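1. quick one: sequence and predicted model below, then my questions.
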Amino acid sequence: STTTAFVAHLARSLGVRTALAGNIGLPLLELQGQNAELWAVELSSFQTGEAGPLELGVVTSLYEEHLDWHGSRERYVADKLKLADVSRTLLVNGLQPTLLAHTAAHSHRLLFGTPEGWHVADGAIRRGEEVVFDLASMAAPGLHNALNACAALAALETMGFDAVKAAPALATFQALPHRLQSLGERDGVSWINDSISTTPQATLAALDSLGEREVTVIVGGHDRGLDWSDFVRATKDRAHLRIVTQGANGPRIAQALRQAKTELPLGEAEDFTDAVAMARIVTPEGGVVLLSPGAPSFDQFKDYAARGRRFAELAGFDPAGITSIDGMGIEGASQQ
């Protein structure tokens, strides 16, 4: 979603009439009959097989997702990469070997994230050796969001727009709700809502964005049978981290952490409310409580947004302040 929103925001900064729609929250049917110069459309792995011919398809990652729907990792990969079959040009993350291997046969494949093109190095977004944007000015936190921005800039350039000219607009991009969303501070503790996180890899990316801060992360939710071993290995010896598990797969995550003989403080909550209360107690002043479940919400909530709003409420913030994504639909004046 963030990459799609980046594309729309950057294109509109150039005066390009741009549509933002799809799985991000607005069905394409609602824009039927309307015109835009550029269409930024997010497709889930459920939808890629239904897509028509596309000028450009972008794949940012190839982590396990929705295995309960697809039935297996192999089927998930095959379904997601149907996008390659319908894309005249395919833009993929050059830092993911598995993704590179699965897309090597595409006749017009481009990469982002590698030194030859749009990538991140030395605190900046670069186009080859050219420094284009200082990450200190970027509104959306984290290396993963910087790579998302690289994907968006590379996509714009591929579509014939001036991506270098658009790059300064990264400073005015509004972070999407439930995606590393800073809610504010209560009693000396910062609260961050990353309820959109539905894979262990997304949780690790969220933790990486917080550097060496004292963090208590709340993980767990609907159990789709995903493998948490990478998460366990990456966090086992991590200083300044506390983990609170909850939800249907909470016991399985906690068991994996115990079997790895982690020395991290580990709390096992009975439910979501208990998890937030536990996180509040164990987080020191100046620390962060991070909701980044690494799992869907369906065991306890209607969707990730309902989970994020409940988190805000339990933390002492007004859940009504978490609004929907800005900029949906068609906006921007066409270039003359």
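-> Arrived safely.
2. CA only for contacts and neighbour counts going forward, please
-> Fine.
3. okay, helices next: where are they in the stretch 101-250 of the chain?
-> 143-158, 163-166, 200-209, 229-235, 250-259 (DSSP state H, counting those that start in this stretch).
4. of these, give the one that comes closest to L14.
-> helix 163-166 (6.2 Å; Cα to Cα).
5. which residues does that closest one contact?
-> Outside helix 163-166, the residues that touch it by Cα atoms under 8 Å, 6 or more residues apart in numbering are L10, A11, S13, L14, V132, L153, A154, L156, E157.
6. just the buried residues of that helix, please?
-> Neighbour-count burial for helix 163-166, counted by 16 or more other Cα atoms under 10 Å, picks out A163, V164, A166.
7. quick one on the thing from earlier: can I get the helices of the stretch 101-250 of the chain in a markdown table with distance to G220 and mean pLDDT?
-> Formatted as a markdown table, the helices of the stretch 101-250 of the chain follow (distance: least, Cα to Cα, whole Å; pLDDT from 0 to 100):
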| stretch | distance to G220 | mean pLDDT |
| --- | --- | --- |
| helix 143-158 | 21 | 97 |
| helix 163-166 | 38 | 99 |
| helix 200-209 | 9 | 95 |
| helix 229-235 | 12 | 96 |
| helix 250-259 | 5 | 97 |
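8. which of those is buried the deepest?
-> Neighbour counts (mean count of other Cα atoms under 10 Å) averaged over each of those peak at helix 143-158, with a mean of 24.
9. that one vs helix 200-209, what angle?
-> Relative orientation of helix 143-158 and helix 200-209, computed by axes from the mean of the first three to the mean of the last three Cα atoms, to 10 degrees: 100 degrees.
10. just list what helix 143-158 packs against, helices and strands only.
-> On a contact count with 3 or more Cα pairs under 8 Å, 6 or more residues apart in numbering; DSSP states H and E, helix 143-158 meets helix 2-13, strand 54-59, strand 87-93, strand 109-112, strand 118-121, helix 163-166, helix 200-209.
11. about what we covered before: export the helices of the stretch 101-250 of the chain as JSON lines, with columns for distance to I218.
-> Below are the helices of the stretch 101-250 of the chain laid out as JSON lines (distance: least, Cα to Cα, whole Å):
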{"stretch": "helix 143-158", "distance to I218": "20"}
{"stretch": "helix 163-166", "distance to I218": "36"}
{"stretch": "helix 200-209", "distance to I218": "10"}
{"stretch": "helix 229-235", "distance to I218": "13"}
{"stretch": "helix 250-259", "distance to I218": "10"}
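12. for A305, which of those helices is the nearest?
-> helix 200-209 (16.3 Å).
13. helices or strands up against that closest one?
-> Using 3+ Cα pairs under 8 Å, 6+ apart, helix 200-209 is in contact with helix 143-158, helix 229-235.
14. so what touches the first one?
-> With contact meaning Cα under 8 Å, 6+ apart, helix 143-158 is reached by 2-4, 6-7, 10-11, 56, 58, 60, 91-93, 112-113, 117-120, 125, 135, 140, 162-164, 166-167, 170, 205, 208-209.
15. next structured bit after the lowest-mean-pLDDT helix or strand in the chain?
-> Ranked by mean pLDDT, DSSP states H and E, the helix or strand of the chain with the weakest confidence is helix 67-70, at a mean of 49. Proceeding N to C from helix 67-70, the next assigned helix or strand is helix 73-80, under DSSP states H and E.
16. buried ones in that following helix, by neighbour count?
-> R73, Y76, V77, A78, D79, K80.
17. angle of that helix against strand 54-59?
-> Using the same axes, to 10 degrees: helix 73-80 against strand 54-59 is 150 degrees.
18. distance to K302 added to the contacts of helix 163-166, as a markdown table?
-> Formatted as a markdown table, the contacts of helix 163-166 follow (distance: Cα to Cα, whole Å):
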| residue | distance to K302 |
| --- | --- |
| L10 | 32 |
| A11 | 33 |
| S13 | 35 |
| L14 | 38 |
| V132 | 41 |
| L153 | 34 |
| A154 | 35 |
| L156 | 35 |
| E157 | 38 |
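19. pLDDT below threshold where in the stretch 201-336 of the chain?
-> 334-336 (pLDDT under 70).
20. on that earlier part again, and of the contacts of helix 163-166, the nearest to E185?
-> L10 (30.4 Å).
21. distance of that closest one relative to H144?
-> Applying Cα to Cα, to the nearest Å, the value for L10 to H144 is 18 Å.
22. show me the contacts for T114.
-> Counted by Cα under 8 Å, 6+ apart, T114 has contacts G94, L95.
23. how about a cut-off of 6 Å?
-> Residues in contact with T114 (Cα atoms under 6 Å, 6 or more residues apart in numbering) are G94.
24. got it, and G247?
-> Per Cα under 6 Å, 6+ apart, neighbours of G247: G220, G221.
25. at 8 Å instead, please
-> Counting by Cα under 8 Å, 6+ apart, G247 makes contact with G220, G221, H222, E270, D271, F272, D299, Q300.
26. of those residues, just the buried ones, PyMOL syntax please.
-> A single PyMOL command selects the buried members of these (16+ other Cα under 10 Å):
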select buried, resi 220+221+222+271+272+300
